[in-house]
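> Just to be clear, the model below is a prediction. Sequence and coordinates:
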Amino acid sequence: MLKIKNLVFVGSVIASLVAGAPAVAQDGPALYKAKTCWSCHGKDAKTPLMPFYPSLAGQNADYMYNQMVDIKSGARSNGQTAAMKGVMGLVNEQEMRVLADWLATLE
């Protein structure tokens, strides 16, 4: 009986770890599309919809990550953050890191 309880416990731990994995398992391009980043910053992250939207390709990863965190938290709230504020509600910090790291690799 104790072995069965241990197996159930181990199984539930593994299941909870796997359940938390999708955000980590997703790659940058999939998140960029799923979180609708492309709709303003361009499918290639180089050709934004509006000239005052930033080109994200090749930017510094830590800079982009910090900007996303600050926009989401409200620490950054200038005229350009209004559109981003709503989108950032869809993105967690782990996903922000994946996005920033991937965007930094683009040329």
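Nice, I can see it.

> got a list of what residue 38 touches?
Shown in contact with residue 38 (Cβ atoms under 8 Å, 6 or more residues apart in numbering): 32, 45. Where C-beta positions appear, they are placed from N, C-alpha and C, glycine not excepted.

> That one and residue 74, how far apart?
25 Å (Cβ to Cβ, to the nearest Å).

> Count the neighbours of residue 62 for me.
12 (other Cβ atoms under 10 Å).

> wait, it sits on residue 97?
No - using Cβ atoms under 8 Å, residue 62 makes no contact with residue 97, being 9.6 Å away.

> Could you list the buried residues of stretch 97-107?
Residues of stretch 97-107 classed as buried by neighbour count (16 or more other Cβ atoms under 10 Å): 97-100, 102-104, 106.

> what's in contact with it?
23-24, 26-29, 31-32, 35, 37, 44-46, 56-62, 64-65, 68, 91.

> Only C-alpha atoms, please: export it in PDB.
Extracted in PDB, the C-alpha atoms of stretch 97-107 (Å, rounded to 0.1, in the frame of the first residue of the first chain):
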ATOM      1  CA  ARG A  97      12.600  35.900 -21.200                       C
ATOM      2  CA  VAL A  98      12.200  33.400 -24.000                       C
ATOM      3  CA  LEU A  99      10.900  36.200 -26.400                       C
ATOM      4  CA  ALA A 100      13.700  38.600 -25.500                       C
ATOM      5  CA  ASP A 101      16.400  35.900 -25.900                       C
ATOM      6  CA  TRP A 102      15.100  34.800 -29.200                       C
ATOM      7  CA  LEU A 103      14.600  38.300 -30.600                       C
ATOM      8  CA  ALA A 104      18.200  39.200 -29.700                       C
ATOM      9  CA  THR A 105      19.400  36.500 -32.000                       C
ATOM     10  CA  LEU A 106      17.700  37.900 -35.000                       C
ATOM     11  CA  GLU A 107      19.700  40.000 -37.500                       C
END
